[in-house]
Every structure is written in C-alpha cells, then in structure tokens.
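Engineer: Give me a model of this one.
(chains A, B, C and D)
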2 protein chains.
Amino acid sequence: MSTNEDTIEELKKIVKQKGLKYTEQREIVLKILMNADGHLSAEEVYNEIKTKHPESNVGIATVYRALGFLEEVNLITSITFGADGKKYESNQKEHHDHLICTSCGKIVEFLDDEIEKRQDRIAKKNKFKITSHSMQLYGTCGDCQD
Amino acid sequence: MSTNEDTIEELKKIVKQKGLKYTEQREIVLKILMNADGHLSAEEVYNEIKTKHPESNVGIATVYRALGFLEEVNLITSITFGADGKKYESNQKEHHDHLICTSCGKIVEFLDDEIEKRQDRIAKKNKFKITSHSMQLYGTCGDCQD
DNA sequence: GTCAATGCAAATCGTTTGCATGAAC
DNA sequence: GTTCATGCAAACGATTTGCATTGAC
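Structural biologist: Here you go, the predicted structure:
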C-alpha cells in the first residue's frame, strides 16, 4: 500500500518512461479516484472535477482518455456492476471482491484467501496465466430484506 | 437439466400464467440461445436470426425486448465480460464461472464447489441474501502465451 | 519548435422508446 | 374485438473521434 504522493510519483515515472507528457488533467483524475471512497463512473469523476477543481477546464473526453490511460498503466481498475455500467477505483487499495445489494445499491468489499487460492489453482489447471479477476455477489442486504 | 422442448413448454406456461401472448419471436430468441454453444450479444442473436430464420422478419428492438423478458422470467442469464459488453446464455446449463483469454477471446467454463460454498458463507456473514453471482478470471490461455 | 494532449462538437455505438400496425387470444 | 407484441424510425445515453489549438518538453 502506498501513499497518494507515491502514486503520483509512479505516474510521473510511467509518463516519462513512455516519452509522453505529464499533464495536470491526468493527475487530477488520478487524485479524484485516490480520494474517492467508492467506485466512480466516468461521469462521476467528471462532476467531481467540476466541483473540486472548478478552475481547471477539463472536458469529458479528456476524462475518458485519462481513465483509459490510467487503467492501461495499471494505476486504476475498472469493474462493471450489472446494469450500473463501468466504474473505476484506484489500485492503491488491495485487491478485493464485491457484495452488491440490488435493492439499495450498497457495496460491501471482501477478500477470501481460500477463494483466491482456488482461483489460482483453477487457472493453472487450465494453463491460463491470470492477469486479473473480478467476482461479484448480487443480492439483498440486511436492511433491504423487509 | 432439461431438453429444449421442456424449456419451450416452460416458456409457454410462463407466458400463459402472466396473461401475455405467445409469439414466434420470443420462441426463436430462446431457441437460438439454447442451441448456441457460447455466449451471444443481442446483436449476435439478431444476426443468427437473420441467417437461420430469414423468413421471419424480426427487428432488433424485438430481440432486446425478448432478451429482457426471458432474463426476467429466468430462462436466460446475462453476463458482462470486461469490455465485451452484455452477453446472454440459456439457463439450461448448470451455473458456472468463466476463464477468459484476453488475447484470443477463448472462454473456458468451470465450477468449483468449494468457492461456491465460501461465497455463501461470505454472504451470510454480511447478512446478504444472494440472488446471483458472477466471477470471471482474465488472463492468457496456453495457446496465447508465446 | 516539436509532438502529444486537450477541448469542443460531431459522430458513433448499443440500447430504448413512441407509435401505428399486426397477431394472439 | 381487445389487448399485447411487433417493426420501424426516431431518440437516447454513454463513449469515441476529428480537428484545430494549447501546453509540455
């Protein structure tokens, strides 16, 4: 687990290494995701920027491009929750899976070592080299079962 | 596990029970999915219909409506594979999870009882009543690791 | 000064909707 | 005959693209 500053440094390094340019916009998008507690859609990131950085005139197209870039270099991850569309989260968090309440939308994160181990075993048995995985359990949370 | 005929009968029963009408279009969509070996997108179902049932003039809107209906009454299931969008499969198959090759697109299905059990336990611990879940492992298959 | 990244608007993709017509009951 | 389902085309929301301009190096 690294600090926000570390991750920003990481981004600078990657950008330099690729011969690309370091821009405020990419940094802002990354920061928004690092400071968000949940999972944000592209549009939500865009709105956050508009409220938290009103001075920076960032277009929605740039948000999409930045998200694509950050995911490609593995600083963020995208997940698709059922009908809710694509959402993003910073990779600073440890890997985890999701319990999703289909009634109120609540999301609980969890991690189960045994499941992780079994996933690796299944992959090996099928000669797959796993790069990522995602697992979602859909249902009704305690509060919504009335 | 039931035969195609059983499932068609099931559809007829559901439709009657709901006071709706039994149409050839819904039947065709269901049949396409029962006979497909993989997972089809709405567009792919539509194209299949155009080639396999060229006489029936089915519109894409009807395909979407039929898919929505069939999923609602639990005869088919939808899954979202990363960037690939929503795909559908018949519920005649037993539940299973997916290994997906991000290089060639190959999909291997698997089932692990221990993982299923653990998922239930996690849900219970968090007071969730699970209705469904989906799990995908992404990576590179044996053939693509060169 | 060069080249990548941006903002904007237009284009595109997948999906949904309104509505007049047709088919099931 | 009534009502639901359909086909078509238009509408829609999310994402992408083309292009002239701006900003990082």
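
Engineer: Which positions in the biggest strand by length in chain A come out as buried?
Structural biologist: Ranked by residue count, the top strand of chain A under DSSP state E comes out as strand A:129-140. By neighbour count, with 16 or more other Cβ atoms under 10 Å in any protein chain shown as the criterion, the buried positions of strand A:129-140 are A:130, A:133, A:134, A:135, A:136, A:137, A:138, A:139, A:140. Bear in mind the C-beta positions are built from the backbone N, C-alpha and C, glycine included.

Engineer: Give me every residue in chain A that's in contact range of DNA strand D.
Structural biologist: Applying Cβ under 7 Å from any atom of the strand, we find that chain A lies next to DNA strand D at A:15-16, A:21-24, A:41-43, A:60-61, A:64-65, A:68, A:85-86.

Engineer: In ChimeraX, how would I select the buried members of the residues you listed?
Structural biologist: The following ChimeraX line selects those of the residues of chain A next to DNA strand D that are buried, judged by 16+ other Cβ under 10 Å:
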select /A:15,41,42,86
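
Engineer: which residues in chain A form helices?
Structural biologist: Ranges of helices in chain A, per DSSP state H, are A:4-17, A:24-35, A:42-52, A:60-72, A:113-125.

Engineer: per-residue pLDDT, the residue lying closest to residue A:63 once chain neighbours are set aside?
Structural biologist: Nearest-residue entry for residue A:63: residue A:46, 4.8 Å, with adjacent residues in sequence omitted and distances by Cβ to Cβ, 6 or more residues apart in numbering or on different chains. With respect to pLDDT, residue A:46 scores 97.

Engineer: need the contact list for residue A:46.
Structural biologist: When contacts are counted by Cβ atoms under 8 Å, 6 or more residues apart in numbering or on different chains, residue A:46 is found next to A:58, A:60, A:63.

Engineer: which bits of chain A sit near DNA strand C?
Structural biologist: Near DNA strand C, the residues belonging to chain A are A:15, A:19-21, A:23, A:25-26, A:56-59, A:61-62, A:65-66 when assessed by Cβ under 7 Å from any atom of the strand.

Engineer: Report the contact partners of the spatially most central residue of chain A.
Structural biologist: Most central residue of chain A, judged by C-alpha distance to the mean C-alpha position with Cα atoms, centre = their mean, is residue A:89 at 2.0 Å. Taking Cβ under 8 Å, 6+ apart, we find residue A:89 in contact with A:33, A:36, A:38, A:39, A:40, A:76, A:77, A:79.

Engineer: please redo it, this time with the cut-off set to 6 Å
Structural biologist: Taking Cβ atoms under 6 Å, 6 or more residues apart in numbering or on different chains as the contact definition, residue A:89 lies against A:39, A:77.

Engineer: how far away is it from chain B?
Structural biologist: Going from residue A:89 to chain B by Cβ to the nearest Cβ, to the nearest Å gives 15 Å.

Engineer: Give the residue spans of chain A that score low on pLDDT.
Structural biologist: Using pLDDT under 70 as the threshold, the predicted model of chain A has low-confidence ranges A:1.

Engineer: Around chain B, which positions in it sit nearby?
Structural biologist: For chain A, the residues in contact with chain B (Cβ under 6 Å from any Cβ of the partner chain) are A:80, A:99, A:108, A:110, A:112, A:114-115, A:118-119, A:122-123, A:126-142, A:145.

Engineer: Recalculate using a threshold of 8 Å.
Structural biologist: Taking Cβ under 8 Å from any Cβ of the partner chain as the measure of proximity, chain A contacts chain B at A:80, A:82, A:99, A:101-102, A:108, A:110, A:112, A:114-115, A:118-119, A:122-123, A:126-142, A:145.
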